[in-house]
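Chemist: got a structure for you, letters missing:
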């Protein structure tokens, strides 16, 4: 006759081992079920927005702007056509000229390429939010002093790009200024004056006019 297997092996009995194994399997299954349920709840919570207007809250120039917008409305359109902030200009509407440049969390962006609904919870700054109590910023004053504009249509975008640059780099080189403004286009050709304006705003004296003119 076959002898019975020993009831105990090691520090645990066969019965304890099986109980532990079963408990672990149930626990793992329950955890997976909870994870799936959480994912389903998340998906159900993310309701489709639109095509009609939905509430959109923007923080622009330190103030709260509450609008009713279709989800397809861009930040530029929201600023220009659903509020009184027309400083950012609409030109190419395809991220090629920089006329619509604004700052989002101190980073320059093309407002024509950002949906307003995506800009919620972010700090938006337009050219209207720079001057305080009617006093121009150093960048704005320098653009005026150095005649860094002609038609002026692109000027707000340049001012925003330069302002963003100087917030991160108060003493940029000419090459750094050119890089920061590479996404902005002036069809009037005032780029050399813009570079002079940046140097004035930073308090840097140019070694010669040749360096400035090379920007063109």
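Modeler: Nice, I can see it. In this text the structure is predicted, and so the values were computed from the model without any measurement.

Chemist: quick one: contacts of whatever helix or strand residue 197 lives in?
Modeler: If you go by DSSP states H and E, residue 197 is part of helix 191-202. Helix 191-202 has contacts (CB atoms under 8 Å, 6 or more residues apart in numbering) with 138-139, 141-143, 145-149, 158, 162, 165-166, 170-172, 174, 177-178, 181, 186, 205-206, 212-213, 215-216. Yep, even glycine has a C-beta here, placed from its N, CA and C like the rest.

Chemist: hey, where'd the helices end up in the chain?
Modeler: With helices called from DSSP state H, the chain shows them at 14-45, 75-81, 138-145, 155-168, 174-180, 191-202, 209-213.

Chemist: Least confident of the ones you listed, on average?
Modeler: When these are compared by mean pLDDT, helix 209-213 comes last with a mean of 46.

Chemist: Just the buried ones from the contacts of helix 191-202?
Modeler: 139, 142-143, 146, 148-149, 158, 162, 165-166, 172, 174, 177-178, 181, 186, 212, 215 (16 or more other CB atoms under 10 Å).

Chemist: Please name the nearest non-neighbouring residue to the residue positioned nearest the centre of the chain.
Modeler: The chain has residue 104 as the residue nearest its centroid, 4.6 Å off, counting by CA atoms, centre = their mean. Sequence neighbours aside, residue 122 is the residue nearest to residue 104 in space, at 5.1 Å (criterion: CB to CB, 6 or more residues apart in numbering).

Chemist: for residue 49, what are its contacts?
Modeler: Residue 49 touches 71, 117, counting by CB under 8 Å, 6+ apart.

Chemist: quick one: the helix holding residue 197 to helix 138-145, angle?
Modeler: Interaxial angle, helix 191-202 versus helix 138-145 (axes from the mean of the first three to the mean of the last three CA atoms, to 10 degrees): 130 degrees.

Chemist: in stretch 53-73, what's buried?
Modeler: 56, 58, 60-61, 65, 67, 69-71, 73.

Chemist: Now do the contacts for the closest residue to residue 64 other than its chain neighbours.
Modeler: Here the nearest residue to residue 64 in space, its sequence neighbours aside, is residue 57; by CB to CB, 6+ apart that works out to 6.3 Å. Residue 57 sits next to 64-67, 120 when contact means CB under 8 Å, 6+ apart.
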